[in-house]
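Enquirer: quick one, structure for this:
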Amino acid sequence: MKIILPVLTLLLFCGNSKAQSTIINYRESAEDIRNPERGFYIPIETKASNFTPLSLERLVNYRTQPQKLQRATYAIAPSLIYKAYELDTFKNKALSVEFLKNLQNDFDIVRKAGMKIILRFAYINKSHGGDCKDEGGICPPYGDAPFNIVIKHIQQLKPLLYKNADIIAVLQQGFVGIWGENYYTDYFGSGSSEGIGVISDSSWRMRNAFLKALLDAIPKNRMVQVRTPQIKQRYLYGVHAPINSSPINYNIAFSKSDAARIGFHNDCFLASSDDYGTFYDYGNSISKRDTANISLRQYVMSDSKFTPVGGETCDDAFSPQNDCEPIGRAETEMAAMHYSYLNAAYNNQVNNDWDSLGCMKSIKQRLGYRFVLQEASFPSSLKSTDQLSVKLKIVNRGYSSPFNPRPVQLILRNTETKKVYTLNFNTQIQRWFSGTIQLSQSFKLPGNISKGNYELFINLPDEYQSLRNNPAYSIQFANEGVWEEATGYNSLNHILSIH
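Expert: So this is what the prediction gives:
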């Protein structure tokens, strides 16, 4: 099945320069590019009771070498790790100074390795059976922590989350329920068939207060992913919000409001018709549980254009639907729901099928964003008092845009002295959606720029000053002969003469 990508035209500012322009065309690359905050991730877990710190040597290997995980038939080039911290010894008390110190050390190692982290906290990562009604055989007590403990822990973590937001790609909601999936919980209203059969209004209000605390615990330029779309709906519109509640729109997107900062992680991607309850209505005090697959899928398709989406496969039972096109709909689903990342370790019964059936190469390339330079127009020479008019045609072949902000810079580097001048495009890279981006702007040259010849580059560095000069955190275009590894610049293959 052919995927039709929407086209976005982004006009920033058109200048009028009398200088004659040169048009340059660029060659697209088929390389699987290790770009920040996208792609297949490597999962890592640790318990507070037996804390295993991250290894700098291992993460550097992940960052610099192709990785083929156990039971995988395919190799990946990861820029992301997922770290799950099981707070098993803190279910009834504050986090210890030692644990917080270990957490900071992990963050330091992630930064030194040039990677970013998908972060989740939970109190229990295993289930047990018994005499219960749940069809999956997962029985209470589930083993998570009460509301007051969760809030206390979030308050303790807040200073570290702020301090290390530069290397946090996204924070998953976590904390509540087994695996932090906000479902099998002793204290927040279980979504399972045990108990009253619905999540009560009081439980929804408790969940909303918990989510608010988490959103406030990280800077507003970072987002939180929730496990099901109904969690976002009932946070934004109240505990009786219907399943057809409105997704966010273009005007709300990337505004740093709570509505703009809640995305989704689907831990059972294409595992069943409703992804094992991901797209389901769990009711409230005045409504029953019910199917909601069509409505909630449509909600996520619209909302996820502006928010981060990731997760993992969990079961190969939904085959051939979870296979490659044309017999399945794996890539169609990833594109429709704007996936940025997936787990490279689970479930490889599903992932390996993508490899053997021929769509894994495309999936590796297209998870998240994939920017391809197609054409550019520049003047060949200018006076230092002239306007520098630049036009770029870029195509995003990925499933989504970058979900975290970062600058877009035009770099002028003197061919002799190597002195660098940086000019900022007036654009928001989070709105570089799938399709075509027309980037056009006229720049006033710096008043102190000297005469000479200048190489032109486009630079997409990290937003944070702590990472801005580290090329591991810069975005590489999917083109041949443009990437400058030492700086993280993308060459525009043009020399501008300033006289």
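
Enquirer: the residue nearest the centre of the chain and residue 265: what is the separation?
Expert: Nearest to the geometric centre of the chain sits residue 308, at 4.6 Å (CA atoms, centre = their mean). With distances taken as CB to CB, to the nearest Å, residue 308 is found 8 Å from residue 265. Every residue, glycine included, has its C-beta placed from N, CA and C.

Enquirer: now do the shared contacts for the two.
Expert: Common contacts of residue 308 and residue 265, defined by CB atoms under 8 Å, 6 or more residues apart in numbering, comprise residue 225.

Enquirer: what ranges do the helices span in the stretch 151-300 of the chain?
Expert: Here the stretch 151-300 of the chain has its helices, by DSSP state H, counting those that start in this stretch, at 201-216, 229-237, 293-303.

Enquirer: next, count neighbours for residue 484.
Expert: Using other CB atoms under 10 Å, residue 484 has 17 other residues around it.

Enquirer: next: residue 205.
Expert: Using other CB under 10 Å, residue 205 has 14 other residues around it.

Enquirer: show me the contacts for it.
Expert: By CB under 8 Å, 6+ apart, the contact set of residue 205 is residue 239.

Enquirer: got a list of what residue 203 touches?
Expert: Neighbouring residues of residue 203 by CB under 8 Å, 6+ apart: 188-189.

Enquirer: what's the pLDDT at it?
Expert: Residue 203 is assigned a predicted lDDT (pLDDT) of 97.

Enquirer: for it, give its distance to residue 453.
Expert: Distance of residue 203 to residue 453, given as CB to CB: 67 Å.

Enquirer: next one: residue 483
Expert: 21 Å.

Enquirer: more neighbours: these two, which one.
Expert: More crowded of residue 483 and residue 453, by other CB under 10 Å: residue 483, with 19 against 14.

Enquirer: now for the spatially closest residue to the more buried one that is not a sequence neighbour, how many residues are close by?
Expert: Leaving aside its sequence neighbours, residue 483 sits nearest to residue 476 (CB to CB, 6 or more residues apart in numbering; 4.9 Å). Per other CB under 10 Å, the neighbour tally for residue 476 reads 22.

Enquirer: right, and residue 476 touches residue 491 too?
Expert: No - contact criterion CB atoms under 8 Å: residue 476 and residue 491 do not qualify, at 11.1 Å.

Enquirer: return every residue with contacts to both of these two.
Expert: Listed as contacting both residue 476 and residue 491 by CB under 8 Å, 6+ apart are residue 483.

Enquirer: hang on, the earlier thing: gap between the residue nearest to residue 483 and residue 120?
Expert: For residue 476 relative to residue 120 (CB to CB), the value is 28 Å.

Enquirer: OK, contacts around residue 186?
Expert: Neighbour list for residue 186: 140-144, 146 [criterion: CB under 8 Å, 6+ apart].

Enquirer: and for residue 28?
Expert: Neighbour list for residue 28: 372, 374, 478-480 [criterion: CB under 8 Å, 6+ apart].

Enquirer: now those: which count as buried?
Expert: 372, 374, 478-479 (16 or more other CB atoms under 10 Å).

Enquirer: count of residues packed around residue 141?
Expert: Counted with other CB under 10 Å, the neighbours of residue 141 add up to 11.

Enquirer: ok, it to residue 175 distance?
Expert: Taking CB to CB as the measure, residue 141 falls 16 Å from residue 175.

Enquirer: that older thread, from the contacts of residue 28, which land in strands?
Expert: Of the contacts of residue 28, the ones assigned to strands by DSSP state E are 372, 374.

Enquirer: what is the most widely separated pair among the contacts of residue 28?
Expert: Across the contacts of residue 28, no pair lies farther apart than 374 and 480, at 12.7 Å, counting by CB to CB.

Enquirer: what sits in contact with each of these two?
Expert: Residues touching both residue 374 and residue 480 (CB under 8 Å, 6+ apart): 26, 28.

Enquirer: quick one, phi psi at the residue lying closest to residue 131 once chain neighbours are set aside?
Expert: With sequence-adjacent residues excluded and distances taken as CB to CB, 6+ apart, residue 131 is closest to residue 139, at 7.2 Å. With angles defined as degrees, to the nearest 10, residue 139 sits at phi -120, psi 150.

Enquirer: now do the contacts for residue 139.
Expert: If you count contacts by CB under 8 Å, 6+ apart, residue 139 has them with 127-132, 194.

Enquirer: how about the strands in the stretch 351-499 of the chain?
Expert: Taking DSSP state E, counting those that start in this stretch as the criterion, the stretch 351-499 of the chain contains strands spanning 371-379, 381-382, 387-396, 409-414, 420-424, 435-444, 452-459, 483-484, 489-498.

Enquirer: quick one: strands adjacent to the third one?
Expert: So the one you mean is strand 387-396. Sheet pairing of strand 387-396 (DSSP bridges) gives strand 371-379 (antiparallel), strand 435-444 (antiparallel).

Enquirer: same check on the last one?
Expert: Looking at strand 489-498 with DSSP bridges, its paired strands and their directions are strand 381-382 (parallel), strand 452-459 (antiparallel), strand 483-484 (antiparallel).

Enquirer: how much space between residue 216 and residue 151?
Expert: In terms of CB to CB, residue 216 sits 11 Å off from residue 151.
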